[in-house]
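Enquirer: Pasted the sequence and its predicted model underneath.
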Amino acid sequence: MGIVESKLKNPELDLFFNAVLELKNIDECYSFFEDVATINELKALAQRIHVAKLLKDKKIYTEIAEETKASTATISRVNRCLNYGTGGYELILNRLEKN
């Protein structure tokens, strides 16, 4: 995978992502992210990856909304990213499937 061109790319975000890449295990992730983000921000991120997994598993919106409590707007946004985004969800979901 080559260099990703992103509208978000900047030194501050590079620092954040490099910090994330230094995390060694799930306990370190919990410690870091609980300090760095609010509980609601973390729950929203977790919900999005859950929605993406269910969309990839061909679940329908009503099933996803019921299981995740995500709004249809969130489900639509995640679906749009899966279909037309940068491939980030697909990359991670494929890696998670392998492990």
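Expert: Happy to help now that I have it.

Enquirer: Please identify which helix or strand holds E66.
Expert: Assigned by DSSP states H and E, E66 falls within helix 61-68.

Enquirer: Tell me the helices and strands packed up against the following helix or strand past that helix.
Expert: If you walk from helix 61-68 toward the C-terminus, the next helix or strand you reach (DSSP H and E) is helix 72-84. Under the contact definition 3 or more Cβ pairs under 8 Å, 6 or more residues apart in numbering; DSSP states H and E, helix 72-84 sits against helix 39-56, helix 61-68, helix 88-98. Using the backbone N, CA and C atoms, a C-beta is placed for each residue, glycine as well.

Enquirer: and the angle for the second one with helix 39-56?
Expert: With axes from the mean of the first three to the mean of the last three Cα atoms, to 10 degrees as the criterion, the two stretches helix 61-68 and helix 39-56 enclose an angle of 140 degrees.

Enquirer: List the buried residues for helix 61-68?
Expert: Using 16 or more other Cβ atoms under 10 Å as the burial criterion, the residues of helix 61-68 that qualify are 64-65, 68.

Enquirer: what's the angle from it to helix 72-84?
Expert: Helix 61-68 and helix 72-84 are oriented at 110 degrees to each other (the same axes, to 10 degrees).
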